[in-house]
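Peer 1: Here is a sequence with its predicted model. Questions after.
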Amino acid sequence: MSATADPRALAAQALAGVAGGQSLRAASAETSAKLHDPRDRALLSALLHEGARWWLRFDVALDAMLESPLRERDADIRALVVLGLVQLETMELSDYAAVAATVEATRALRKPSFAGLVNALLRRWLREREAQTAKLDRHVETRTAHPRWLIDKLQFDWAEQVESILAANNAPAPLWLRVNRRRVTRADFAAQLHAAGIGCQMPQAAPDALILDASRDVTALPGYAQGFFSVQDGAAQQAAILLDLKAGQRVLDACAAPGGKSAHVLETADVKLTALDADTRRLPRLRENLARLGLTADVRTGDAAVPRDWWDGKPFDRILLDAPCSATGIIRRQPDVKLHRRVDDIPALVATQKRLLDALWPLLARGGRLVYATCSVFVDENARQIGAFAQRHADARAVAAPLTWHAAGAGMQNLPGESGMDGFFYALVDKHN
Ligand SMILES: C[S@@+](CC[C@H](N)C(=O)[O-])C[C@H]1O[C@@H](n2cnc3c(N)ncnc32)[C@H](O)[C@@H]1O
């Protein structure tokens, strides 16, 4: 079998890329395109996500079992063994099947000489499972597969919740949908799904949301092509509600791509939306999403911190700043954040968020509202950022967001997994008349 047809071999190559710095999303998309069977694609996705999620545990386990180190050019074999361990420990596969298929994948990688080593390592793990597990569980980094700096920062910001955050980051996220209320009601769409044998719940915390009972290929669900729904976590679905939209308003989504919140804004109210993003490569997805959902916006490329390049000078009644952030609230969906984010990235992100807030504030009409959002759990990017902003702008008044989340300075914070949602922060800032 060639590597192009073996999901484990492909996953090993892709995971080696992720461990080397490539984004999980890009590696996943690139590799998935090489597989045709939807079951193989599902296996690939599960392997890659679990592999990235648990890399910092099982890569250490592998090193402890190796008698001589693997060469750098055998990063694919390293990733393959990590995937073997992940299959044995976190995925519902029989030990025999997991070992046999992982050993077989060395052939698809065209490295059959490693079959013996891979087999020996996985069998040794099975023999010493208890002792090896106890050794890994002795240190919080290997017990939870998180880097030290991230654990320390979570401990500093969320001392009481740190263990539950670490656990939630390692639990796969449920599949949330947002029903397009312009096309179908939530209850009718839930009934259509049930009729097709697909279980779902209607959470109270988000009026347009459904949570599916199991993960699945959403493009194969009824109503996908007709734009009945989008995939969007429940926390992200609060933005359009918190904007408190009224028909006819001028609304700016300053960091809009790929358009999840823009689309929800347009589904919710008849507003004139400018959807801006600095990254031209992300805008085609935004346009496709709006087209599928039957929605229209003024889509622009531009740096939100430099309004003279794209703003027509007319104030906005509402501004959504869904700011670039550390993404530490969505590690359960993007586990490679644990591998790629560095503690030194945070001050630069905080500076960018500050620059965006200050540049956008003059564009807001008197009596208007700015909603600041991040999918971060760090106080620097959230409560402290908004506290400092309110200090700098005498005409800014922070308003309590109607959410039953953690009060975090002038804003509200959901921690990962709470109410089944992602970690998210919102602050509402109104401009004095
Ligand atoms: C958190 S994502 C936005 C997600 C989007 N709001 C949604 O719900 O689908 C942040 C976005 O900010 C964009 N961005 C980063 N810096 C920017 C800037 N200076 N001006 C405009 N967009 C920027 C990124 O390209 C990225 O698409």
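Peer 2: Now that the structure is in, tell me what you want to look at.
Peer 1: Which residue does the stretch 1-150 of the chain have closest to the ligand?
Peer 2: Going by Cβ to the nearest ligand atom, the ligand is nearest to Arg25 of the stretch 1-150 of the chain, at 12.3 Å. Bear in mind the C-beta positions are built from the backbone N, C-alpha and C, glycine included.
Peer 1: correct me, but that residue touches Gln334?
Peer 2: Yes: with contact defined as Cβ atoms under 8 Å, Arg25 counts as touching Gln334 (7.1 Å).
Peer 1: Neighbour count: the two, which is higher?
Peer 2: Each of Arg25 and Gln334 has its neighbours counted (other Cβ atoms under 10 Å); Gln334 has more, 22 against 13.
Peer 1: sorry, back to before: let me know the helix or strand that the residue of the stretch 1-150 of the chain closest to the ligand is in.
Peer 2: helix 24-32 (DSSP states H and E).
Peer 1: for Arg300, helix, strand, or coil?
Peer 2: For Arg300, the assignment made with DSSP: H, G, I helix; E, B strand; the rest coil gives strand.
Peer 1: Can you name the residues bridging to it?
Peer 2: Per DSSP bridges, the residues bridged to Arg300 are Leu276.
Peer 1: my guess is it meets Trp310, correct?
Peer 2: Yes: using Cβ under 8 Å, Arg300 is in contact with Trp310, at 5.1 Å.
Peer 1: Spit out the residues that contact those two alike.
Peer 2: Shared contacts of Arg300 and Trp310, defined by Cβ atoms under 8 Å, 6 or more residues apart in numbering, comprise Leu276.
Peer 1: Identify the residues contacting the residue of the stretch 1-150 of the chain closest to the ligand.
Peer 2: Applying Cβ under 8 Å, 6+ apart to Arg25 gives the contacts Gln334.
Peer 1: Apart from its chain neighbours, what residue comes closest to Asp303?
Peer 2: Closest residue to Asp303 apart from its sequence neighbours, by Cβ to Cβ, 6 or more residues apart in numbering: Ala278 at 5.0 Å.
Peer 1: What count of nearby residues applies to the one you found?
Peer 2: Neighbours of Ala278 (other Cβ under 10 Å): 17.
Peer 1: give the contact list for it.
Peer 2: Contact partners of Ala278, counting by Cβ under 8 Å, 6+ apart, are 255, 301-304.
Peer 1: The same query, at a cut-off of 7 Å, please.
Peer 2: Contacts for Ala278 (Cβ atoms under 7 Å, 6 or more residues apart in numbering) come out as 302-304.
Peer 1: Quick one: buried ones out of these?
Peer 2: The neighbour-count criterion (16 or more other Cβ atoms under 10 Å) marks 302, 304 among the contacts of Ala278 as buried.
Peer 1: so which of the contacts of Ala278 comes closest to the ligand?
Peer 2: The ligand lies nearest to Ala304 out of those, by Cβ to the nearest ligand atom, at 3.5 Å.
Peer 1: so the closest one makes contact with Leu276?
Peer 2: Yes: using Cβ atoms under 7 Å, Ala304 is in contact with Leu276, at 5.8 Å.
Peer 1: Quickly list what's touching both of these two.
Peer 2: Ala254.
Peer 1: The lengthiest strand in the chain vs the ligand: in contact?
Peer 2: Secondary structure of the chain per DSSP state E: the longest strand is strand 364-374. No: using Cβ under 6 Å from any ligand atom, strand 364-374 stays clear of the ligand, with a minimum separation of 7.6 Å.
Peer 1: Would you mind listing the buried residues in that strand?
Peer 2: 364-365, 368-374.
Peer 1: Going along the chain, name the helices of the stretch 101-250 of the chain.
Peer 2: Using DSSP state H, counting those that start in this stretch, the helices of the stretch 101-250 of the chain run over residues 115-137, 140-144, 148-157, 162-169, 186-195, 239-242.
Peer 1: Report the angle between the third one and helix 162-169.
Peer 2: Put plainly, it is helix 148-157. Relative orientation of helix 148-157 and helix 162-169, computed by axes from the mean of the first three to the mean of the last three Cα atoms, to 10 degrees: 130 degrees.
Peer 1: pLDDT on helix 148-157, on average?
Peer 2: For helix 148-157, mean pLDDT is 98.
Peer 1: Centre of the chain to that helix, how far?
Peer 2: Helix 148-157 has its C-alpha centroid displaced from the chain centroid by 19 Å (Cα atoms, centre = their mean, to the nearest Å).
Peer 1: Identify each buried residue in the helix or strand hosting Asp40, please.
Peer 2: Asp40 is part of helix 38-65, with elements assigned from DSSP H and E. Neighbour counts over helix 38-65 (16+ other Cβ under 10 Å) mark 40-62 as buried.
Peer 1: Output the contacting helices and strands for it.
Peer 2: With contacts defined as 3 or more Cβ pairs under 7 Å, 6 or more residues apart in numbering; DSSP states H and E, the packing partners of helix 38-65 are helix 7-19, helix 24-32, helix 75-90, helix 115-137, helix 140-144, helix 337-340.
Peer 1: Which among those helices is found nearest to Gln353?
Peer 2: Shortest distance between Gln353 and the helices and strands packed on helix 38-65, using Cβ to Cβ, is found for helix 337-340: 17.1 Å.
Peer 1: Could you tell me how many residues sit around the closest residue to Ala304 other than its chain neighbours?
Peer 2: Ranked by Cβ to Cβ, 6+ apart and with sequence neighbours excluded, the top spatial neighbour of Ala304 is Ala254, at 4.1 Å. Ala254 is flanked by 26 other residues according to other Cβ under 10 Å.
Peer 1: Please name the nearest non-neighbouring residue to Asp40.
Peer 2: Asp40's closest residue in space is Pro7 (Cβ to Cβ, 6+ apart), at 4.7 Å.
Peer 1: And that neighbour, how close does it get to Ala168?
Peer 2: Pro7 is 27 Å from Ala168, where distance means Cβ to Cβ, to the nearest Å.
Peer 1: Gly329 now?
Peer 2: Separation of Gly329 from Ala168 (Cβ to Cβ): 10 Å.
Peer 1: Going by neighbour count, list what's buried in the helix or strand where Ile386 lies.
Peer 2: In this assignment (DSSP H and E), Ile386 forms part of helix 383-392. Residues 383, 385-387, 389-390 are the ones in helix 383-392 that count as buried (16+ other Cβ under 10 Å).
Peer 1: Adding pLDDT and distance to Gln249, write those out as a markdown table.
Peer 2: As requested, the buried residues of helix 383-392 are exported to a markdown table (pLDDT from 0 to 100; distance: Cβ to Cβ, whole Å):
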| residue | pLDDT | distance to Gln249 |
| --- | --- | --- |
| Ala383 | 98 | 28 |
| Gln385 | 98 | 25 |
| Ile386 | 98 | 22 |
| Gly387 | 97 | 27 |
| Phe389 | 98 | 22 |
| Ala390 | 97 | 23 |
